[in-house]
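*Asks:* got a sequence here, can you build the structure:
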Amino acid sequence: MMRVLTLVAAVGLAALPHIANACLYTQQPEEVGPASQQFFTQRMAQEAASVDIAVAGETRKAFGTQTNWGISATTFHVIDRLKGSSPDRFNLFVGASGPDHKDVQAYHWVDDQGRIKPYPYPEEMTPAADGNFRLTSCHPGFLSVTKDEAYLIFRNAQGRLLGRFALYDDLTTAAFPLVRASLGDREGWLSSLGPIAESTAPLASLSPTSTTIRFNRATSARDARGWLRAGALKPFAVRTRRGDIIDETRVPAAFASPDLLGRAFDEAASNERSDAMRLLASSLLMKLSPQTLDQDGWIRQRVWGLVEKGAALNATTGERELYEIEVTGTAEAIARLRENPGNVRLIEGPIEQEQWYVELQSAPNEQARFEAAQGETTESLIARLSAMANGQPIPEAIVKPPEPEPDPFSYHDCIRFGREGAARLSALPEIDQWGELTIFGNPQQTICTTNSKGISCDLTPSSTVRIKWAGWDGGFRIGPKGARLNFDGAGLQCIAP
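*Replies:* Coordinates of the predicted model:
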């Protein structure tokens with residue numbers, strides 16, 4: 001029997017205009033599993049301008065003038081940049097979930113060609129310019145997040161959650177751009193995301209009514225307002241900087257306002273006081289054991305990334321300054337700005353056929369970060385995580401002592417000794433040599449043969465042989481069954497029968 005499903009918007013529809021007839025589907029969706037997660041995360045990573053692991057912080061009212069509604073914006077604190085160059089803190093138009101909120105699940109279908117297609121997933125809240133939403137009963141609702149939880153976030157070049165893209169040649173759709181990261185687990189969306197292949201940054205259309213500017217010299221919010229007013233421009237995204245840490249406050253371009261400058265500074269100061277990262281560290285500290293950190297390099301790297309970010313935030317000094325502004329205006333105002341930028345720099349990248357490459361920095365080298373995480377002692381990592389969880393200064397990492405040089409010999413059951421033991425056998429005569437290798441021993445106990453490929457020596461039980469090779473001076477004490485010594489120019493083996 002064919003099953004008919006009804007999809008209704010999950011959040012905030014009651015106060016919205018009349019809803020059309022219910023949206024009907026004839027196929028039962030399935031929950032997205034690990035294999036499908038891997039497919040979707042890789043495709044989203046290819047299409048996104050930025051991919052980040054970030055923890056949800058404060059939720060504020062972003063904009064909206066009516067007394068009975070307002071659009072929420074939640075600040076996300078970046079832990080790791082996996083692709084692109086996101087600010088250290090940015091906001092998305094998603095709400096905060098309540099204590100009894102159940103996380104939205106991702107579902108998909110399998111079509112008659114065996115391809116997986118995403119079932120509609122809640123979206124970021126972005127109204128039209130008049131402040132209204134154009135919704136039907138097919139709308140999947142709006143996203144909300146849990147404070148202090150880590151999420152895997154895919155965003156487009158405009159700083160919004162990744163929307164519709166060509167999943168297949170004949171299908172353009174949205175997928176799952178905001179999902180839980182599950183930092184302390186080996187299951188979940190983040191663990192399904194493999195290495196992100198190098199790719200050209202997505203192209204964005206060169207807008208005739210908006211651009212991004214950066215002042216060439218330090219500029220106060222007051223002076224920036226005057227500059228914007230003189231150019232008939234309004235800001236809809238403001239990035240401030242303190243030290244190396246960048247905060248971004250954003251609204252849709254239709255809600256651009258000079259007041260956003262002051263608000264960006266206020267929100268950045270509030271973001272600095274947030275305890276979201278500290279509470280996430282506390283949660284991981286209670287969840288993870290030293291054994292897990294020793295045995296699971298993937299989880300270890302994510303915890304290390306969180307602690308490193310906490311240390312960087314703690315080290316931030318200096319006054320906060322205006323960094324970049326995304327502005328909107330009439331086509332004439334933007335054209336004048338592009339023709340004569342004056343004391344600002346336009347951040348538009350190289351322009352090709354009325355499009356421009358998004359200016360992105362490369363995300364940190366994952367292999368280098370993995371090696372750095374492995375190079376710290378587990379005790380040090382736990383101590384630093386504990387300091388972060390308790391709001392204390394995060395100490396310097398303690399690096400593991402260097403590993404000893406790898407032994408170039410494979411000696412199995414033979415007992416190897418080094419220079420000290422060899423010195424006590426300095427009276428042993430030379431038996432044979434091949435290339436740089438010289439063998440010393442008792443002629444009756446060490447019988448050697450050579451050929452073009454190397455040297456091989458039969459060693460009698462309980463005998464001793466001394467070896468000099470490439471600066472190494474040592475040897476082997478042979479067990480009661482005897483042994484054979486083989487050397488091929490690249491490596492030495494002492495093999496018991």
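*Asks:* got any ranges where the stretch 301-450 of the chain has weak pLDDT?
*Replies:* Scanning the stretch 301-450 of the chain for pLDDT under 70 picks out the ranges 349-365, 403-413, 418-423.
*Asks:* mind listing the strands for it?
*Replies:* Applying DSSP state E, counting those that start in this stretch to the stretch 301-450 of the chain gives strands spanning 321-328, 344-346, 351-352, 355-357, 409-410, 415-417, 430-434, 437-441, 446-451.
*Asks:* nearest to Ser282, out of the ones you listed?
*Replies:* Nearest to Ser282 among the strands of the stretch 301-450 of the chain is strand 321-328 (30.9 Å), distances taken as CB to CB. Where C-beta positions appear, they are placed from N, C-alpha and C, glycine not excepted.
*Asks:* buried stuff in the closest one?
*Replies:* Using 16 or more other CB atoms under 10 Å as the burial criterion, the residues of strand 321-328 that qualify are Leu322, Tyr323, Glu324, Ile325, Glu326, Val327, Thr328.
*Asks:* could you dump those residues to TSV with distance to Ala315?
*Replies:* Formatted as TSV, the buried residues of strand 321-328 follow (distance: CB to CB, whole Å):
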residue	distance to Ala315
Leu322	22
Tyr323	18
Glu324	22
Ile325	26
Glu326	28
Val327	32
Thr328	35
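*Asks:* what is the helix or strand containing Val51 packed up against?
*Replies:* Per DSSP states H and E: Val51 is located in strand 50-63. Here strand 50-63 touches strand 71-83, strand 89-92, strand 95-96, strand 150-155, helix 259-272, helix 276-287, going by 3 or more CB pairs under 8 Å, 6 or more residues apart in numbering; DSSP states H and E.
*Asks:* point out where the stretch 101-250 of the chain drops to low pLDDT.
*Replies:* 101-103, 127-134, 197-205.
*Asks:* tell me which stretches of it form helices.
*Replies:* Here the stretch 101-250 of the chain has its helices, by DSSP state H, counting those that start in this stretch, at 189-192, 221-230.
*Asks:* now the last one: how far from the chain's centre is it?
*Replies:* Averaged C-alpha coordinates place helix 221-230 at 36 Å from its chain's average position (CA atoms, centre = their mean, to the nearest Å).
*Asks:* which residues sit against that helix?
*Replies:* By CB atoms under 8 Å, 6 or more residues apart in numbering, the surrounding residues in contact with helix 221-230 are Phe215, Thr219, Lys234, Pro235, Pro258, Leu261, Gly262, Phe265, Leu322, Ile325, Val327, Val344.
*Asks:* filter these down to the buried ones, ChimeraX style.
*Replies:* Filtering the contacts of helix 221-230 down to the buried ones (16+ other CB under 10 Å) takes a single ChimeraX command:
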select :215,219,234,235,261,265,322,325,327,344
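*Asks:* dump the contacts of helix 221-230 to TSV, plus distance to Thr75.
*Replies:* What follows is these, written out as TSV (distance: CB to CB, whole Å):
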residue	distance to Thr75
Phe215	24
Thr219	24
Lys234	22
Pro235	18
Pro258	21
Leu261	17
Gly262	17
Phe265	14
Leu322	18
Ile325	18
Val327	22
Val344	26
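*Asks:* ok, so of the contacts of helix 221-230, who is nearest Thr136?
*Replies:* Lys234 (31.4 Å).
*Asks:* these two touch, right, the closest one and Phe255?
*Replies:* No: with contact defined as CB atoms under 8 Å, Lys234 and Phe255 do not form a contacting pair (9.3 Å).
*Asks:* before we move on, the earlier item: make CSV from the strands of the stretch 301-450 of the chain and add distance to Val465 to it.
*Replies:* Formatted as CSV, these follow (distance: least, CB to CB, whole Å):
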stretch, distance to Val465
strand 321-328, 69
strand 344-346, 72
strand 351-352, 70
strand 355-357, 65
strand 409-410, 12
strand 415-417, 10
strand 430-434, 8
strand 437-441, 4
strand 446-451, 6
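*Asks:* of all those strands, which one is nearest Met44?
*Replies:* Closest of these to Met44 is strand 355-357, at 19.9 Å (criterion: CB to CB).
*Asks:* need the residue closest to the centroid of the protein.
*Replies:* With distances taken as CA atoms, centre = their mean, Leu82 lies nearest the centre of the chain, 3.3 Å away.
*Asks:* how much space separates it from Val51?
*Replies:* 4 Å (CB to CB, to the nearest Å).
*Asks:* okay, the helices and strands packed on strand 50-63 in a markdown table with distance to Asp223 next?
*Replies:* What follows is the helices and strands packed on strand 50-63, written out as a markdown table (distance: least, CB to CB, whole Å):
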| stretch | distance to Asp223 |
| --- | --- |
| strand 71-83 | 26 |
| strand 89-92 | 24 |
| strand 95-96 | 35 |
| strand 150-155 | 30 |
| helix 259-272 | 10 |
| helix 276-287 | 32 |
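*Asks:* among these, which comes closest to Val32?
*Replies:* Between these, strand 150-155 lies closest to Val32; by CB to CB that is 13.1 Å.
*Asks:* how about the strands in the stretch 1-150 of the chain?
*Replies:* Secondary structure of the stretch 1-150 of the chain (DSSP E, counting those that start in this stretch): strands located at 5-7, 23-25, 30-31, 50-63, 71-83, 89-92, 95-96, 107-110, 116-118, 144-145, 150-155.
*Asks:* quick one: mean pLDDT for the second one?
*Replies:* What it means is strand 23-25. Regarding strand 23-25, the rounded mean pLDDT is 70.
*Asks:* got it, and stretch 54-64?
*Replies:* What stretch 54-64 shows for mean pLDDT is 84.
*Asks:* now for the helices and strands packed on strand 50-63, which one comes closest to Tyr121?
*Replies:* strand 150-155 (12.0 Å).
*Asks:* apart from its chain neighbours, what residue comes closest to Glu187?
*Replies:* Distances taken as CB to CB, 6 or more residues apart in numbering put Pro34 closest to Glu187, at 7.4 Å, once the chain neighbours are dropped.
*Asks:* count the neighbours of that neighbour for me.
*Replies:* When neighbours are counted by other CB atoms under 10 Å, Pro34 registers 12.
*Asks:* roughly how far apart are it and Gly194?
*Replies:* From Pro34 across to Gly194, the span is 12 Å (CB to CB).
*Asks:* same thing with Leu167?
*Replies:* 18 Å.
*Asks:* which of the two has more neighbours?
*Replies:* Taking other CB under 10 Å, Leu167 and Gly194 do not tie; Leu167 has more neighbours (20 against 10).
*Asks:* re earlier: winner for burial among the helices of the stretch 101-250 of the chain?
*Replies:* Most buried of these by mean neighbour count (mean count of other CB atoms under 10 Å) is helix 189-192; its value is a mean of 21.
*Asks:* just the pLDDT for Phe487.
*Replies:* What the model reports as pLDDT for Phe487 is 90.
*Asks:* please name the bridge partners of it.
*Replies:* For Phe487, the beta-bridge partners are Ile455, Leu492 (DSSP bridges).
*Asks:* hmm, what's the outermost residue in the protein?
*Replies:* The C-alpha centroid of the chain is most remote from Gln444, which lies 64.1 Å away (CA atoms, centre = their mean).
*Asks:* how close does the closest residue to that residue other than its chain neighbours sit to Ile495?
*Replies:* Spatial nearest neighbour of Gln444, chain neighbours left out: Thr460 (7.6 Å); criterion: CB to CB, 6+ apart. Using CB to CB, Thr460 is found at 14 Å from Ile495.
*Asks:* could you do Glu308 as well?
*Replies:* 46 Å.
*Asks:* same drill for those two, tell me which one is more crowded.
*Replies:* Glu308 (20 against 14).
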